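Participant: Please work out how this folds:
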Amino acid sequence: MTIKTEKETAKSTLEHHGWNMGIFNHSTPDTSHIIYIRDFRTKHSQLFTISKNDFDNSSVAEDLPVDECVNFVGQIMKKMAKRKPLDKVENATIVPILVHYIKKTRSYEHWKAVSGKGESLHILLNIYFDAVNDANALRMRPFIVKPQSVMLTAKEFMDCTAMVHADDRRRHPEWFR
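Facilitator: All right, here's what the predicted structure looks like:
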């Protein structure tokens, strides 16, 4: 398959699932792990894909704290919500930072233990404002889903993130004070 055909197929798949991504220049959804993010502060949602190969071959930097990853992702999501373009460094680092964060979570460890060979990871990240610890602090809540299709539809994504958000508010009210 040519690169042009792959891009057209990827864009068509995304649009079929309710995602309006404009020009899609990443790996195709069926050969990728998919990261879905919903920022409850800004009401912005974003989808990222990374080829399974690139994800699997990415190493984790032990000296990069998870909190720094959360803050970086939060800053990027805030910028995207304002429709500001990412600079060269932000574009180059957002996916590696997300991969680093994901590989440090218990959700990812659990997924590795129960997933089949070649299975795509579908991880959702809810971003909450963490008023308890710091007026500027964020909390990122990861969870895994196994969609019936190649990816979640935009509606399924919104429903899943809303359900987890409601459950988190009930189970962890201290996160939302």
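Participant: can we go C-alpha only for contacts and neighbour counts from here?
Facilitator: Will do.
Participant: Count the neighbours of residue 122 for me.
Facilitator: Burial of residue 122, expressed as a neighbour count using other Cα atoms under 10 Å, amounts to 21.
Participant: Sorry, wrong one. I was asking about residue 75.
Facilitator: Other residues near residue 75 number 14, with proximity taken as other Cα under 10 Å.
Participant: before we move on, what about residue 150?
Facilitator: Residue 150 - counted by other Cα under 10 Å - has 17 other residues nearby.
Participant: Look up how far residue 163 lies from the residue nearest to it when sequence neighbours are not counted.
Facilitator: Using Cα to Cα, 6 or more residues apart in numbering and skipping residues adjacent in sequence, the residue nearest residue 150 is residue 30, 5.9 Å away. The gap separating residue 30 from residue 163 is 26 Å, by Cα to Cα, to the nearest Å.
Participant: next one: residue 146
Facilitator: For residue 146, the distance to residue 163 equals 15 Å [Cα to Cα].
Participant: Comparing those two, which residue is more hemmed in?
Facilitator: Between residue 146 and residue 163, counting by other Cα under 10 Å, residue 146 is the more crowded of the two (15 against 12).
Participant: just for the protein, where's the confidence low?
Facilitator: Confidence mapping of the chain against pLDDT under 70 gives the ranges 1-27, 130-136.
Participant: how about the helices in it?
Facilitator: Using DSSP state H, the helices of the chain run over 3-16, 52-57, 66-81, 88-103, 106-114, 154-171.
Participant: Number of residues surrounding the closest residue to residue 32 other than its chain neighbours?
Facilitator: Here the nearest residue to residue 32 in space, its sequence neighbours aside, is residue 51; by Cα to Cα, 6+ apart that works out to 4.2 Å. Under the neighbour criterion other Cα under 10 Å, residue 51 is assigned a count of 18.
Participant: list the contacts for residue 51?
Facilitator: Listed by Cα atoms under 8 Å, 6 or more residues apart in numbering, the contact set of residue 51 reads 27-28, 31-33.
Participant: rerun at 10 Å
Facilitator: Neighbour list for residue 51: 26-34, 57, 120 [criterion: Cα atoms under 10 Å, 6 or more residues apart in numbering].
Participant: do residue 72 as well
Facilitator: Taking Cα under 10 Å, 6+ apart, we find residue 72 in contact with 66, 78, 90, 93-94, 97-98.
Participant: Residue 168 versus residue 175, what's the distance?
Facilitator: Summarising the geometry, the distance separating residue 175 from residue 168, computed by Cα to Cα, is 8 Å.
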